[in-house]
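Asker: Return atomic coordinates for the entry below.
(2 chains)
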Amino acid sequence: MSQTIALSQLDLGRQATLRSYPPAGAAFLRLREMGLLPGTRLTLVRTAPLGDPLEIEVRGYRLSLRRADADSILVEPVSPA
Amino acid sequence: MSASAAVSSVGSPSAARAPVYALVGNPNCGKSTLFNALTGLKQKVGNYPGVTVEKKVGTAYSQHGQPMPVIDLPGAYSLAARSPDEAVTRDVLLGRRLDTAAPDRILCIVDASNLERNLYLVHQILDLGRPVILVLNMMDLAAKAGVRIKVERLEKELGIPVIPCEASQGKGLIELKLAMSRPDLPLPRHRWDIPSPIAPAVSELQASLLEYDRKAPLSARAEALLLLTDQDSVRVAGSTPLTARTTDILQSWKVRWEGQGVDWAATLVASRYDAIARLCADVLERVSPEEEGPSLSDRIDGVVTHPLWGWLVLGGLMGALFLSIFTLAEYPMTWIDDHVAQLTDAVKAAMAPGDLRDLITDGAIAGVGGVVIFLPQILILFFFIGLLESTGYMARAAFIMDRLMSRVGLNGKSFIPLLSSYACAIPGIMATRTIEDAKDRLVTILVAPLMSCSARLPVYLLMIAALVPGETIPVGTKVGLMLLMYALGTSAAFGFAWLFKRTLLKGEPPLMIMELPPYRLPRVRDVLLQMVERGGLFLRRAGTIILGISIVLWFLSAYPKAPEGATAQAQMAHSFAGQAGHLIEPAIRPLGFDWQIGIGLIASFAAREVFVSTMGVVFNAQSDADDTAPLRQALAAARWPDGAPLFTPLVCLTLMIFYVFAMQCVSTIAVVRRETNSWRWPLFQIAYMTGTAWVVCFAVASIGRLLGY
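Answerer: Residues are numbered from 1 along each chain as shown, chains lettered A, B, ... in the order given. Predicted coordinates for the structure are as follows:
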């Protein structure tokens, strides 16, 4: 059984399923519009040289977002097959 | 003429003219390349009134040679706008802008290798009630990634023409123009189910928008849907606000949903993606990609964003950029300098001596020439910025620098504009258009002129020469002082950015999301075209202000006339500028400057390097740019009325520091005025920068005197 963790806590190179945004998350609407919805698979590809921001892969493209924002996004790591 | 009359019956209000197309798509999907390929060099670049968003209109020709206007709308991820660019796209498509009529037909371009996310915007656009042509760009990349798209199936599902193409190779353009030339285009057939808790609200809003807000029947549904996701749509610049009736309906639904715990916006987005997923399941076929393992882009990123190599690449690229700006720009700059001089001589030879002649030569030609001489640098910078953008490296530079920039409250996208400002603040300020957040953009514009630009170099060099006694200046002193000036300016820029973000332009940090597009080979033609357009835009926009102020400054130094036969030096002392020098002397005296330096400060308001030539006139030293020795001797001989030397080392240092901080550049002021759409910000910029210059110089002068210099 895996559990949800913050996206910012995900290991590098690891795949996860997005579970939820913060309840008062109007600011996250754009991420949803970019295809990052609850249930969407994503991969944490790398971080910038100073550890922030993060680079994730979602729906076949790359997106960068800040650690501070990733802190409040919950994901469920996909257990390695 | 029958061919031209045969235009679309749907979406074309008048049968007499060809349909107007709007080209829309996500950023990085090859939209500009397609626009250039469709319209060639027949483009008009301007600005949407009231916002600093580039307006590009071109003309494509149908198979029968009929002109078809195409508006290139700014790249957008969604109609629920998050930036001024996206707001323009939304407002033009919905016919909300008074300056741009709603397009008759929409050309929607998507990156076929990234279809799902690109289809989100398409999905919104299909609701607009206008004929749409879908262009699947980058089919080659999609194939490489192992994605096959069943084009006919997609056409059938959406009910619109779908044209596969590779805009950068010119593939698919003929088919596209054929589709665009079709006299009739069907309206999109695609229907999707609005989720049940939302659907009644959409119908109710749609009815109210139709009846009370007088929205077009075909776009009322799209407007209703947008009201539910677009936080900004209620207060749209340049369009009439919603009627109270519609606002009330919206409000009461929102209250109801909040009570039920329905996140209406998220639900709408999710249901669009559900529809897209079903569509993709039908039309996409995944085969194994041509290349296994990490993509080329990924391998490049492994180096470019590497904790060590990343910095070296960034530093190396920026170093190469500056080296080329200063070496490459030298030839055209000398050329321009020579030709401006020749032109001046020609005018002088052709016209009788007099004020009109002087107005033309010393006012207009000298003033405009002083700006045009920086054009090579500005163009090279535009070229490099365009190159960095089109390859995808720009996003990486922002990615790498974001952490550092966030320390002062900015984001990674401010990095390149600020860096460019080391060469010239103008392209730097114009490059801030890529910063979505209005506050971050404004702060970047406000602090950019603090980065020591190349026009300050002549002032620094003259002052260093005057500062060090003796014929040769030790290299260490020269380099050390230069570095000190650059460091001062840079730390001031970041300090003020930090201050402004905490006081004047405070606000919640916005969600910082940035796409990192795959690396692509740059299209040099597109980059050059963009460079020429931006350069032209700068000349047209700043030209009049620069010309005006140059003439005013000429007038100030030419009037009132000194008695016949006076030298240039005496004329300067006698003129308004000379009087103004005296007038401001009490203000600059605490800094150790006299009225003669005051003249230089006033005259160099046009451009910083003018200080050097003005000093030449004021101290009656004939010297040119290559040889500052006569001027240096003249400065060393300059005295206060009581006989004390004027240009002491302390005064030279203080003057350099003054130029680090003071806002002394008409062109920058003109560009800031244009980019912020008001005089408020450039005036504020003059006040805070020149104010800081005075305070810092006063502190330096006072401490220096205390220490006995």
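Asker: Which strand or helix spans the closest residue to B:Pro522 other than its chain neighbours?
Answerer: Nearest residue to B:Pro522, sequence neighbours excluded (CB to CB, 6 or more residues apart in numbering or on different chains): B:Ser390, at 4.4 Å. (Each C-beta comes from the backbone N, C-alpha and C, glycine too.) For B:Ser390, the enclosing helix or strand under DSSP states H and E is helix B:375-391.
Asker: do B:Leu537 as well
Answerer: Remark: B:Leu537 resides in helix B:524-558, with elements defined by DSSP H and E.
Asker: helix or strand right after that helix?
Answerer: Tracing the chain C-terminally past helix B:524-558 and defining elements by DSSP H and E, one meets helix B:568-574 next.
Asker: And that following helix, what's buried?
Answerer: Neighbour-count burial for helix B:568-574 flags B:Gln569, B:Gln571, B:Met572, B:Ala573, B:His574 (criterion: 16 or more other CB atoms under 10 Å in any protein chain shown).
Asker: chain center to stretch A:32-41: distance?
Answerer: Computed by CA atoms, centre = their mean, to the nearest Å, the separation of stretch A:32-41 from the middle of its chain amounts to 9 Å.
Asker: Can you tell me what sits against it?
Answerer: A:15-21, A:42, A:58-59, A:63, A:78, B:77-78, B:80, B:116-117, B:120, B:229, B:265-266, B:269-270, B:273, B:513, B:515 (CB atoms under 8 Å, 6 or more residues apart in numbering or on different chains).
Asker: Pull out the buried residues from those residues.
Answerer: Burial by neighbour count, 16+ other CB under 10 Å: within the contacts of stretch A:32-41 this picks out A:15-19, A:21, A:42, A:58-59, A:63, B:77-78, B:80, B:116-117, B:120, B:229, B:265-266, B:269-270, B:273, B:513, B:515.
Asker: about what we covered before: just the ones in helices from the contacts of stretch A:32-41, please.
Answerer: In helices, judged by DSSP state H, the following of these are found: B:Glu116, B:Arg117, B:Tyr120, B:Thr229, B:Ala265, B:Ala266, B:Val269, B:Ala270, B:Tyr273.
Asker: Do a quick rundown of the strands in the stretch 1-150 of chain B.
Answerer: Listed in chain order, the strands of the stretch 1-150 of chain B (DSSP state E, counting those that start in this stretch) span residues B:21-25, B:43-47, B:54-61, B:67-72, B:105-111, B:132-137, B:147-149.
Asker: export those to TSV and tack on mean pLDDT?
Answerer: Listed next are those as TSV, based on pLDDT from 0 to 100:
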stretch	mean pLDDT
strand B:21-25	96
strand B:43-47	79
strand B:54-61	90
strand B:67-72	94
strand B:105-111	96
strand B:132-137	96
strand B:147-149	91
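Asker: Let me have these in JSON lines, extended by distance to chain A and mean neighbour count.
Answerer: What follows is the strands of the stretch 1-150 of chain B, written out as JSON lines (distance: least, CB to the nearest CB, whole Å; neighbours: other CB atoms under 10 Å in any protein chain shown):
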{"stretch": "strand B:21-25", "distance to chain A": "14", "mean neighbour count": "25"}
{"stretch": "strand B:43-47", "distance to chain A": "26", "mean neighbour count": "15"}
{"stretch": "strand B:54-61", "distance to chain A": "22", "mean neighbour count": "19"}
{"stretch": "strand B:67-72", "distance to chain A": "22", "mean neighbour count": "21"}
{"stretch": "strand B:105-111", "distance to chain A": "8", "mean neighbour count": "26"}
{"stretch": "strand B:132-137", "distance to chain A": "14", "mean neighbour count": "24"}
{"stretch": "strand B:147-149", "distance to chain A": "8", "mean neighbour count": "18"}
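Asker: interface residues of chain A facing chain B?
Answerer: For chain A, the residues in contact with chain B under the definition CB under 8 Å from any CB of the partner chain are A:21, A:25-35, A:37-38, A:45-46, A:48-53, A:55, A:59-66, A:68-69.
Asker: In strands only, show me those.
Answerer: Assigned to strands by DSSP state E, the following of the residues of chain A next to chain B qualify: A:Val45, A:Arg46, A:Glu55, A:Tyr61, A:Arg62, A:Leu63, A:Ser64, A:Leu65.
Asker: Any residues of the stretch 351-500 of chain B in contact with chain A? List them.
Answerer: Counting by CB under 8 Å from any CB, the residues of the stretch 351-500 of chain B lying close to chain A are B:Ala395, B:Phe399, B:Ile400, B:Asp402, B:Arg403, B:Leu404, B:Ser406, B:Gly412.
Asker: What about those, which are in helices?
Answerer: Using DSSP H, the members of those that fall in helices are B:Ala395, B:Phe399, B:Ile400, B:Asp402, B:Arg403, B:Leu404, B:Ser406.
Asker: What is the nearest of those residues to B:Ala352?
Answerer: Lowest distance from B:Ala352 to these (CB to CB) belongs to B:Ala395, with 58.9 Å.
Asker: ok, so of the buried residues of helix B:568-574, who is nearest B:Asp594?
Answerer: Within the buried residues of helix B:568-574, proximity to B:Asp594 (CB to CB) peaks at B:Ala573, which comes in at 11.9 Å.
Asker: For chain A, see how far away that closest one is.
Answerer: 56 Å (CB to the nearest CB, to the nearest Å).
Asker: And for B:Leu228?
Answerer: Noted for B:Leu228: a distance of 11 Å to chain A, by CB to the nearest CB.
Asker: That residue: neighbour count?
Answerer: Applying the criterion other CB atoms under 10 Å in any protein chain shown, we find 21 residues in the vicinity of B:Leu228.
Asker: do B:Lys144 as well
Answerer: Number of residues near B:Lys144 (other CB under 10 Å) recorded here: 15.
Asker: per-residue pLDDT, the residue lying closest to B:Leu128 once chain neighbours are set aside?
Answerer: In space, and not counting its chain neighbours, B:Leu128 is closest to B:Ala222: 4.9 Å by CB to CB, 6+ apart. B:Ala222 carries a pLDDT value of 88.
Asker: thinking B:Ala222 is in contact with B:Gln124, fair?
Answerer: Yes - applying CB atoms under 8 Å as the test, B:Ala222 and B:Gln124 come out as touching, 7.3 Å apart.
Asker: Just the pLDDT at B:Thr240, thanks.
Answerer: Predicted confidence (pLDDT) for B:Thr240: 66.
Asker: How about B:Ala237?
Answerer: Confidence per residue is given as pLDDT, and for B:Ala237 that number is 46.
Asker: now do B:Ser8
Answerer: As summarised for this prediction, B:Ser8 has a pLDDT of 39.
Asker: show me what contacts the residue nearest to B:Leu381 when sequence neighbours are not counted?
Answerer: Closest residue in space to B:Leu381, ignoring its immediate chain neighbours: B:Pro427 at 4.1 Å, by CB to CB, 6+ apart. Listed by CB under 8 Å, 6+ apart, the contact partners of B:Pro427 are B:Ile378, B:Leu381, B:Phe382, B:Ile385, B:Ser420, B:Arg534, B:Phe538.
Asker: could you redo the last one with a cut-off of 7 Å?
Answerer: Taking CB atoms under 7 Å, 6 or more residues apart in numbering or on different chains as the criterion, B:Pro427 is in contact with B:Ile378, B:Leu381, B:Phe382, B:Ile385, B:Ser420.
Asker: nearest residue to the last one other than its sequence neighbours?
Answerer: Leaving aside its sequence neighbours, B:Ser420 sits nearest to B:Gly428 (CB to CB, 6+ apart; 3.9 Å).
Asker: The helix or strand containing that neighbour: what's the following helix or strand?
Answerer: When elements are defined using DSSP H and E, B:Gly428 is found to belong to helix B:425-430. Scanning forward in sequence from helix B:425-430, with DSSP H and E defining helices and strands, the next element found is helix B:438-447.
Asker: Any chance you could give me that following helix in CSV, C-alpha atoms only?
Answerer: Included here for helix B:438-447 are C-alpha records, laid out as CSV according to Å, rounded to 0.1, in the frame of the first residue of the first chain:
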residue,chain,number,x,y,z
ALA,B,438,2.6,42.0,-14.2
LYS,B,439,4.4,42.9,-10.9
ASP,B,440,7.5,40.9,-11.6
ARG,B,441,7.6,42.5,-15.0
LEU,B,442,7.3,46.0,-13.7
VAL,B,443,10.0,45.5,-11.0
THR,B,444,12.3,44.1,-13.7
ILE,B,445,11.7,47.2,-15.9
LEU,B,446,12.2,49.5,-12.9
VAL,B,447,15.6,48.1,-11.9
